[in-house]
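Engineer: what shape does this take:
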Amino acid sequence: MSNDDKHDVLSLFGWHRDFALLLRELEMETFWLSTSRLLARHIEFNTWVALVFHRDQPPTILADSDDDDGADETLFKDYQKGLYLLDPFYVAARSSSSCALVTLDDVSPEQFTQTEYYQRYFKRNIVADEIQLNQPLSDGSTLCLSLGSIERFNTASLGVLQLVQPWLCELMRLRFAYEDSPGTPQRHPWHPMDDKQRSAASRYGLTEREREVSQLMLGGCSTKEIARRLGISVETVRAHKKHLYTKLGINTQAELFSLFWQEQP
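Structural biologist: Here you go, the predicted model:
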């Protein structure tokens, strides 16, 4: 057996040991911290958060890296207040129900780095790159473990996560049974809701399609990408943009973002 083969075998034994230890901690509050420490021995990242993406209420933060300066807490409050609606990971999780390893490149729209959300939140909180392990839950929500880095994740790190993803996602699913249940759903005026709520007249008189276009714009989708996602023509998207800007009395996406933020409770 070559030295490389011996190294691979020993590495596998190490993973077996680590996952056995995590099984012992399923019922303990230290589970997420231990999981992050396990991953940190194999890949480099700077922040982590375990959270649940719900279909009709703000995300539930289960645990996070918790910097001592309190900055994370402020950022998470803004995120739960409404910025999550513009998070490409949240948008992708709502449209997919599979256990998967998801990268920022997989889900971010074409103009994501030019959005107010990216400039005001993402750069401050994540800085450069993010990857997420997603585990669908029986109620339609998604349990996520998100890792943030000040540098781009390399292919070796992605390979490690892809290798352990089936085991880790199953452990996450088992762990969720020991988490406290989330509180009462909080409705948000810009959130995609049921038919009755969607048909209610908005304060600004926007149609449902105009609200969809505005949210995709704020999330970083180009005109062509909005047309593709909604199954309409580019000319129709441009018409919707013109109408919603006129109704709102604005001229820029920065003003649109400000109105979006004011509408969050």
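Engineer: show the contacting residues for the residue nearest to residue 45 when sequence neighbours are not counted.
Structural biologist: Excluding its sequence neighbours, the residue lying closest to residue 45 (CB to CB, 6 or more residues apart in numbering) is residue 147, at 4.2 Å. For the C-beta atoms, the positions are set from N, CA and C on the backbone; glycine is no exception. Contacts for residue 147 (CB atoms under 8 Å, 6 or more residues apart in numbering) come out as 39, 43, 45, 47-48, 130-132, 153.
Engineer: distance to residue 179 added to these, as JSON lines?
Structural biologist: Shown next, in JSON lines, are the contacts of residue 147 (distance: CB to CB, whole Å):
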{"residue": "39", "distance to residue 179": "19"}
{"residue": "43", "distance to residue 179": "25"}
{"residue": "45", "distance to residue 179": "22"}
{"residue": "47", "distance to residue 179": "20"}
{"residue": "48", "distance to residue 179": "16"}
{"residue": "130", "distance to residue 179": "22"}
{"residue": "131", "distance to residue 179": "22"}
{"residue": "132", "distance to residue 179": "18"}
{"residue": "153", "distance to residue 179": "27"}
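Engineer: quick revisit: partners of the helix or strand the residue nearest to residue 45 falls within in the sheet?
Structural biologist: For residue 147, the host element (DSSP states H and E) is strand 142-149. According to DSSP bridges, strand 142-149 has the following sheet partners: strand 47-53 (antiparallel), strand 129-136 (antiparallel).
Engineer: pull it out as PDB, backbone CA atoms only.
Structural biologist: Extracted in PDB, the C-alpha atoms of strand 142-149 (Å, rounded to 0.1, in the frame of the first residue of the first chain):
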ATOM      1  CA  THR A 142     -35.300  23.600   4.900                       C
ATOM      2  CA  LEU A 143     -32.700  23.100   7.600                       C
ATOM      3  CA  CYS A 144     -29.400  24.700   6.600                       C
ATOM      4  CA  LEU A 145     -25.800  24.900   7.800                       C
ATOM      5  CA  SER A 146     -24.200  27.800   6.100                       C
ATOM      6  CA  LEU A 147     -20.400  28.500   6.000                       C
ATOM      7  CA  GLY A 148     -19.000  32.000   5.100                       C
ATOM      8  CA  SER A 149     -15.500  32.900   4.100                       C
END
